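Student: Just to be clear, the model below is a prediction. Sequence and coordinates:
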Amino acid sequence: MLRHLVLLLALVLLSPFAGAQEKESADVLNRKAIDALTAKKYDEGAELLLRILAIPGREKDNGTAYNLACAYSLKGELDKGFEWLGKAVDWGWGPGSGTLVGSTKTIPHTEMTKTDPDLENLRKDPRFEPLMERMTKAVELREAMKKKGEEYAATAAIYIPEKVKALAEMPVLIVLHDAGSTKDAVVAGPWKAIADELGFALIAPSGKILVGDEPEKGMTWIEDLASYKAKYWSFEKPATDAITAFKKEHPTDKSRIAIAGEGVGGLLALNTAIGSPGLIKGVVALNSGPNPDLMAAKAPTAGKMGLRARILIEAAALSKLASDAGQKEEDGPKIVAGWTKLLQTWGITGEARTISGDAAATKAAILEALKAVLERDPAAEPKPEDPKK
């Protein structure tokens, strides 16, 4: 059986607190289920796994479906075993990887399914091979889509306002799109107007993962938090590479480089800024909050180097966040206050606050936030020489 669950990113985007609560609940249930199945308490193990699927956002967790297939295979209920293995494949089991109980080696899903002792009863049945063929085809499709996504993301979309082209050094705003959006949507949408008003060059890198079957249907940056945490720099590389490429081609005001992002892009923007405070001077995240697991180790250094941050969350997103976290809507302000406290703990100048969500109000809030994170610090300005000397 699969050793552990993969924590879905969508459940931790907005709140380190909500994410921690959901993760603990799912992990605890999963550990108890594995213990029960190891002790041959198959009904108890299956019941615990079904409780995981009842958690909001986990309804189609392919790892849990796989573990249920293992439970029923061990119990000898092959029909139910194939039902759940089929659901696992329907929900995305095949192209990924995981770790078996009792092992520390990460292996592809296909290899796991072929070798997992818990599925031995299913492998003896003729229904097993068609499922393996489906998994193999899913892997091939995934590779083709991966190549297509990487080709689309190879270059960033760029917009330079006319008044910026004449500057000796261009201030730069990097914007990371939300899941399901694209780099092209960034330079054609509200961020273009923000760049015009600020007088900044706009760079829009792209996530490499297709949401549909074509880039124009939407892209995303990461599929799960576990893979992002393991190799965060590889997911943030499109952003840092885009800045490097732009600087080679255009004169850049190094003191005025900011990064912003929406949703998933906001999470990456925060972590990228915290990891590159010498390059990025300020960060604005919309509908995404700080994640201590990702950021706590690096954030104090970023704070000492003068990184500034603003976190904005629309009222509707905050309401949903509180609901998904099992909290009351009135608990939303506590979550936002917690984000501000987290920034203060790290020594990063900034704050988190709720905004209405009205398009005009959101644009105004983003403009205000960007100006704040790029505000020059008088203490850091060179002092004029004393004429008496």
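Tutor: That came in fine, so what should we check first? Since this is a predicted model, take the numbers as computed values, not measurements. Residues are numbered from 1 along each chain as shown.
Student: Name the residues of stretch 300-317 that come out as buried.
Tutor: 302-303, 306-314, 317 (16 or more other C-beta atoms under 10 Å). Where C-beta positions appear, they are placed from N, C-alpha and C, glycine not excepted.
Student: I figured residue 158 was touching residue 246, is that so?
Tutor: Yes - here residue 158 reaches residue 246: they are 7.0 Å apart, a contact under C-beta atoms under 8 Å.
Student: which residues are in contact with both of these two?
Tutor: Common neighbours of residue 158 and residue 246, using C-beta atoms under 8 Å, 6 or more residues apart in numbering, are 201, 203.
Student: which element is residue 306 on?
Tutor: Under DSSP states H and E, no helix or strand contains residue 306.
Student: Could you do the one 10 residues further on as well?
Tutor: Taking DSSP H and E as the criterion, residue 316 maps to helix 315-324.
Student: Show me what the top strand by length along the chain is packed up against.
Tutor: Assignment by DSSP state E gives strand 252-262 as the longest strand of the chain. In terms of contact count using 3 or more C-beta pairs under 8 Å, 6 or more residues apart in numbering; DSSP states H and E, strand 252-262 is assigned the packing partners strand 170-176, helix 232-249, helix 264-275, strand 282-286, helix 359-373.
Student: Quick one: closest of the ones you listed to residue 164.
Tutor: Taking C-beta to C-beta, strand 170-176 is the member of these nearest to residue 164, at 5.4 Å.
Student: now the closest one and helix 232-249, what's the angle there?
Tutor: Counting by axes from the mean of the first three to the mean of the last three C-alpha atoms, to 10 degrees, strand 170-176 lies at 150 degrees to helix 232-249.
Student: How far does the helix or strand following strand 170-176 sit from its chain's centre?
Tutor: As assigned by DSSP H and E, the chain's next helix or strand after strand 170-176 is helix 183-188. Helix 183-188 has its C-alpha centroid displaced from the chain centroid by 19 Å (C-alpha atoms, centre = their mean, to the nearest Å).
Student: Pull out the buried positions in helix 183-188.
Tutor: Buried, per 16+ other C-beta under 10 Å, within helix 183-188: 183-187.
Student: Let me have stretch 45-52 in PDB, keeping just the CA atoms, if that works.
Tutor: The C-alpha trace of stretch 45-52 is given here as PDB (Å, rounded to 0.1, in the frame of the first residue of the first chain):
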ATOM      1  CA  GLY A  45      -8.600   0.300   7.600                       C
ATOM      2  CA  ALA A  46     -11.100   0.800   4.800                       C
ATOM      3  CA  GLU A  47     -13.400   2.800   7.000                       C
ATOM      4  CA  LEU A  48     -10.600   5.100   8.000                       C
ATOM      5  CA  LEU A  49      -9.600   5.600   4.300                       C
ATOM      6  CA  LEU A  50     -13.200   6.400   3.400                       C
ATOM      7  CA  ARG A  51     -13.200   9.100   6.100                       C
ATOM      8  CA  ILE A  52     -10.200  10.800   4.300                       C
END
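Student: So which residues make contact with that stretch?
Tutor: 5, 26, 29-30, 32-34, 36-37, 58, 61, 64, 67-68, 71-72, 75.
Student: ok, now with 10 Å
Tutor: 1, 5, 25-39, 41, 58-59, 61, 63-68, 70-72, 74-75, 77, 80, 84 (C-beta atoms under 10 Å, 6 or more residues apart in numbering).
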